[in-house]
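K.L.:
Here is a sequence together with a model predicted from it:
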Amino acid sequence: MAIGIAKLATARIGGRGRAGYARPPAALWLAAALVAVAVLLPLAYLVLRASGAGTELWGLLFRSRTLAILGRTVLLVIAVTGISLAISLPVAWLTQRTDLPLRRMWSILTALPLVIPSYVVGFVIVAALGPRGILQQALAGPFGVERLPEIYGFPGALLAVTLVAYPYILLPLQSAIRGLDPRLEEVARSLGHGRWDTFRRVVLPQLRPAMAAGALLVALYTLRDFGAVSLLRYETFTWAIYLQYQTSFDRVLAAGLSLVLVVMAIAILFLEFRTRGKAQYHRAAASVSRSPSYVRLGGWRWPALAFCGLVVLLALVMPVSVLGYWLARGFSGGETLWLTSSYALNSAYVSGLAAAATGIGAIAIAILDVRYPSLFSRLLERITYIGFALPGIVIALALVFFGANYATLTYQTLVMLVFAYAVLFLPQAVAAIRSSLLQVSPRLEEAARSLGRTPLQALMAITLPLVRPGILAGAGLVFLTTMKELPATLLLSPIGFKTLATSIWAATSEGSFARAAFPAVVLILLSSVPMAILTIRGKRQSDE
C-alpha cells in the first residue's frame, strides 16, 4: 500500500506541473466562487447587522450576565473535550491494539452513540435521572425515595454532551492507530524502552494529529450544541441567542451575541492550528504494511472490559432502554403514530435534498483544490470550514435576517432551510470527495484530453465516476447530520413543516416523554442507515 501511495503522490505532483492543469475550466471557477460566497453570506450579514447596534451592543456584550454565559460556555467546552479525550484514547487503544475479548464488537458499540442527537440524550437523562424520573420511581417503593437531586445545570449538560461527542475523537483515533507503523515500536522496545515508555515516546506523538482533529470537532460540537443545554437548563450562548431571538423584537442584539460565538469558534480553530504541530510521521519504509502484534492484557482484561462496558452502558444501553420504557408507555397510552410517520418523511425528504445540494456544491471546491492547486483554491477550500465552525443557531439567525429583508420569496421555505444545511455541513462533503479525488491519478484525465476531450468533459466522463464513492460518503454524512440538526430547523422550517427533530424537542420541552419516545427511536433508526454505510465503507478501505 505504501508503494502505491508513493506512486500516486508522484503522479499527482507530475500532474500539477503540466500545462493542461494550469487553467481550470471557467465553469469550475464560477461554481466554486458561488459556493464560497454562499458560505460567507451569513457571517457577512451578521457583521453588518450587529454594526448598526451602536453603544447598546457594547453594553450587552460587557454586562455581567453575558460574561457569566461566556464563562459557563468555556467551562462546558473544556470539560467535555477533556473527558472525551480521557474516554476515547483508552477505548481506541483497547479495541485496536490489545487482545480485548470481542474487541470488534466493542469497537462498533462504542462508536454508535454518534447517531444519537444530544437533545435525545438530554431527554433520556431528564426522564431517567431527573427528580421524578425512572430511577426515582424505582427507588420509591423499596427505599422510600421521594425525590432525587437535581440533574439540571452543568452536571446534566456535561453528561449529555459528552456521551454523544466522544465518538468524534474515538473514530479518528481508531483510524490513526490502525495506520501506525509497528516497526517504530519494535525499534523502541529493542533499545530497552518498556511498553508504557514506548507508548508515551513513540505512539502518543503519532496520535497527536488525530487527537487534535477530534478535540477540535468535540469543542465545536459542544460550542454549537443547543438541544441538550436547553433541555437541561444550562445557559450557554446558543440558548441565550435563541431566547434573545424569541423574546425580543430587536434582533440586532441576538446578532451581537452570535458574533461572540463566532469569535469563540475562530479562537478554537486557531488554538487547534497552533497545537497541531509541524511534525510529520510517515512509515519507516516504502513497503507493504503488516499487522502489529496485539498487547496481551493479562490481569488487566477484566478492568478493560468493565471500562468499555461502562461506556456502552451509559452512552448506548441507557438511552435505548429509557426510550423503550417510554415507548411502551406511549403505546399503552394510545399515542398517535401516524404523525410520527409524516415527521419521518419530512426529515428524510429535507435531509435528502440537503445531501444532494451539498454534494453538488462540494464537487467544484474539491476538484479545484486537488486538480488546480493555488493560493486562491486553497482559500476557497478553507472558507468552507467557516460554516462548520459556526453553530447552527448563528447560521439560522443570519439567514432569518437576510430572508426577511432581502430574499422574501425564499423566507420560511424549504429552499432557505436546505441552503442553511448546505452551509453548515459543506466541509463534511468536501473532505470525503477530496479524499477520493486524491486517489485518482490525473494521468487518466490527461489520457482523455489527449483523445480530444476538453478539461470539463474529462472531469465529467472520467473523474466524477471514479470519485463516486467519496461523493456518496459525503452525502451520507450530510444526511446523518441534517437529520439531527435542531436550531436551524426550528428557526427556518416553513410554517407547519414538522420534522422528527422539532417534534422531539417540542414534546420534551413540554415534559411529554411518552410522546417524544417514538420519534426519537425512529430518528435513531434512520440515522443508523448512513452510519452503517459509512462504517462498512471505512472498514473496506482499511482492509485494502
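P.N.:
That came through, no problem.

K.L.:
Spatially nearest residue to A407, not counting backbone neighbours?
P.N.:
M416 (7.4 Å; C-beta to C-beta, 6 or more residues apart in numbering). (C-beta placed from N, C-alpha, C; glycine too.)

K.L.:
Against G403, how distant is that neighbour?
P.N.:
5 Å (C-beta to C-beta, to the nearest Å).

K.L.:
ok, R65 - how many residues close by?
P.N.:
10 (other C-beta atoms under 10 Å).

K.L.:
actually T247, not the one I typed
P.N.:
Using other C-beta under 10 Å, T247 has 8 other residues around it.

K.L.:
re the thing from before, can you tell me the average pLDDT over the host helix or strand of the residue nearest to A407?
P.N.:
M416 is located in helix 414-438, with elements delineated by DSSP states H and E. Taken as a whole, helix 414-438 has a mean pLDDT of 85.

K.L.:
Give me the distance between A364 and T236.
P.N.:
35 Å.

K.L.:
backbone phi and psi for G496, please?
P.N.:
phi 90, psi 0 (degrees, to the nearest 10).

K.L.:
pLDDT value on it, please?
P.N.:
Turning to G496, the model gives it a pLDDT of 85.

K.L.:
before we move on, the earlier item: show me what the helix holding M416 packs onto, helices and strands only.
P.N.:
Packing partners of helix 414-438 (3 or more C-beta pairs under 8 Å, 6 or more residues apart in numbering; DSSP states H and E): helix 26-51, helix 338-371, helix 375-389, helix 392-405, helix 468-484, helix 487-492.

K.L.:
Where among these is average confidence lowest?
P.N.:
helix 375-389 (a mean of 78).

K.L.:
The residue lying closest to R49 once chain neighbours are set aside: what's it in contact with?
P.N.:
Distances taken as C-beta to C-beta, 6+ apart place A255 nearest to R49, at 4.3 Å, with adjacent residues excluded. Neighbouring residues of A255 by C-beta atoms under 8 Å, 6 or more residues apart in numbering: L46, R49, A50, A53, L397, A398, F401.

K.L.:
One more pass at 6 Å, please.
P.N.:
Going by C-beta atoms under 6 Å, 6 or more residues apart in numbering, A255 touches L46, R49, A50.

K.L.:
From these, pick the one nearest T384.
P.N.:
When the contacts of A255 are ranked by distance to T384 (C-beta to C-beta), L46 comes first, at 17.6 Å.

K.L.:
is it true that the closest one touches L397?
P.N.:
No: using C-beta atoms under 6 Å, L46 is not in contact with L397; the gap is 7.5 Å.

K.L.:
Mutual contacts of those two, please.
P.N.:
Counting by C-beta under 6 Å, 6+ apart, the contacts common to L46 and L397 are S258.

K.L.:
Looking at those two, which one has more neighbours?
P.N.:
Counted by other C-beta under 10 Å, L46 and L397 do not tie: L397 has more neighbours, with 29 against 24.

K.L.:
got the contact list for that one?
P.N.:
Each residue near L397 by C-beta under 6 Å, 6+ apart is listed here: A254, S258.

K.L.:
let's go with 7 Å and repeat that
P.N.:
The neighbourhood of L397, defined by C-beta atoms under 7 Å, 6 or more residues apart in numbering, consists of I241, Y245, A254, A255, S258, L491.

K.L.:
Neighbour-wise, which one of the residues you listed leads?
P.N.:
Busiest of the contacts of L397 [other C-beta under 10 Å] is S258, holding 30 neighbours.

K.L.:
Please look at it and V47 and confirm they touch.
P.N.:
No: using C-beta atoms under 7 Å, S258 is not in contact with V47, being 10.0 Å away.

K.L.:
for the stretch 151-300 of the chain, what are the low-confidence residue spans?
P.N.:
Residues of the stretch 151-300 of the chain that meet the criterion pLDDT under 70 lie in 179-203, 248-251, 273, 275-293.

K.L.:
Can you show me the strands along it?
P.N.:
Along the stretch 151-300 of the chain, no segments are classed as strands by DSSP state E, counting those that start in this stretch.

K.L.:
on that earlier part again, distance of the residue nearest to A407 from S175?
P.N.:
The gap separating M416 from S175 is 36 Å, by C-beta to C-beta.

K.L.:
returning to that earlier point: list just the nearest of the contacts of A255 to S64.
P.N.:
A50 (20.4 Å).

K.L.:
burial measure for that closest one, as a count.
P.N.:
Around A50 there are 20 residues (other C-beta under 10 Å).

K.L.:
give me every residue that touches it.
P.N.:
So A50 contacts L57, V252, A255, G256, L259 (C-beta under 7 Å, 6+ apart).

K.L.:
Which of those ranks first by neighbour count?
P.N.:
The most crowded member of those, judged by other C-beta under 10 Å, is A255 (26 neighbours).

K.L.:
ok, I268 - contacts?
P.N.:
When contacts are taken as C-beta under 7 Å, 6+ apart, I268 is in contact with L216, A219, L220, L223.

K.L.:
Among those, which are located in helices?
P.N.:
In helices, defined here by DSSP state H, the members of the contacts of I268 are L216, A219, L220, L223.

K.L.:
okay if I get those as JSON lines plus neighbour count and distance to A429?
P.N.:
Output for those, formatted as JSON lines (neighbours: other C-beta atoms under 10 Å; distance: C-beta to C-beta, whole Å):
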{"residue": "L216", "neighbour count": "21", "distance to A429": "18"}
{"residue": "A219", "neighbour count": "24", "distance to A429": "22"}
{"residue": "L220", "neighbour count": "24", "distance to A429": "17"}
{"residue": "L223", "neighbour count": "23", "distance to A429": "21"}
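
K.L.:
Which one of these is nearest to A165?
P.N.:
Checking those against A165 by C-beta to C-beta gives A219 as the nearest, at 9.0 Å.

K.L.:
wouldn't that closest one be in contact with I78 here?
P.N.:
No: between A219 and I78 there is no contact under C-beta under 7 Å: 8.3 Å.

K.L.:
Could you measure from the closest residue to L112 other than its chain neighbours over to Q412?
P.N.:
For L112, ignoring the flanking residues on the chain, the nearest one in space by C-beta to C-beta, 6+ apart is L316 at 5.6 Å. L316 is 37 Å from Q412, where distance means C-beta to C-beta.
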